[in-house]
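Participant: need a 3D model of the sequence below.
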Amino acid sequence: MMIEPGYVRMMARYNAWQNRQLSDALDGVPLEVLRADHGAFFGSILGTLNHILWADRLWMSRFAPDLQAPPEGGIVTSTELCPTFAVWGAERFAMDGMIARWAKGLHAVDLAGALRFHSRSLGREARSPMAQCVIHMFNHQTHHRGQVHAMLTKSKIGAPVSDLFLMPEETE
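Facilitator: Next up, the predicted model:
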């Protein structure tokens, strides 16, 4: 399995676009609403957003350890990463910038071969194709943002458009 650096850059743009839209949609929503348990896998809107950010930090610590240290805690406590939406927004903006910078510097050879890492969920060392791990990071984001979209809809908060083909063109 091989992916191109252009795919990674497109997905980094998509990730940042989706997070900007979520940030805009959730701006001003009371913290009680963001922390309300909706019965989703990670419970709340903020909990799910925190989990995505935590996982992005984890994957980026594997892909670019010089840019990102592994996050504290594990999957269970990942929902508590940022205590407020404002903190999440600032941390998310920084992470999206990091992912974009990393993607911009990728070459095809960087996506070849295997990635060796410690899997917290397995509790042991793991080895997977680098391309598959990169695809997984972006798929994981999209999967859990879909859960956030459902929680927004349930809460009667306008859920942003998420169709990839509707992503605005790059302006740079």
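
Participant: and the closest residue to His107 other than its chain neighbours, what pLDDT?
Facilitator: In space, and not counting its chain neighbours, His107 is closest to Pro5: 6.3 Å by CB to CB, 6 or more residues apart in numbering. (Each C-beta comes from the backbone N, C-alpha and C, glycine too.) Looking at Pro5, its pLDDT is 97.

Participant: Pro5 contacts Val109, doesn't it?
Facilitator: No: contact criterion CB atoms under 8 Å: Pro5 and Val109 do not qualify, at 9.7 Å.

Participant: related to what we said a few turns ago, the residue nearest to His107: neighbouring residues, count only.
Facilitator: By other CB atoms under 10 Å, the residues close to Pro5 number 16.

Participant: need the contact list for it.
Facilitator: Going by CB atoms under 8 Å, 6 or more residues apart in numbering, Pro5 touches 103, 106-108, 110-111.

Participant: any idea how far it lies from Cys133?
Facilitator: As judged by CB to CB, to the nearest Å, Pro5 and Cys133 stand 15 Å apart.

Participant: now Gln21
Facilitator: Taking CB to CB as the measure, Gln21 falls 26 Å from Cys133.

Participant: same question for Thr79.
Facilitator: Per CB to CB, Thr79 is found 23 Å from Cys133.

Participant: same check on Pro168?
Facilitator: From Pro168 across to Cys133, the span is 28 Å (CB to CB).

Participant: which one's more surrounded, the two?
Facilitator: Cys133 (18 against 7).

Participant: confirm that that one sits in a strand.
Facilitator: No: Cys133: not assigned to a strand; according to DSSP: H, G, I helix; E, B strand; the rest coil it is helix.

Participant: so what's it up against?
Facilitator: 59, 62-63, 115.

Participant: go with 6 Å
Facilitator: If a contact means CB atoms under 6 Å, 6 or more residues apart in numbering, then Cys133 has Leu115 as its contacts.
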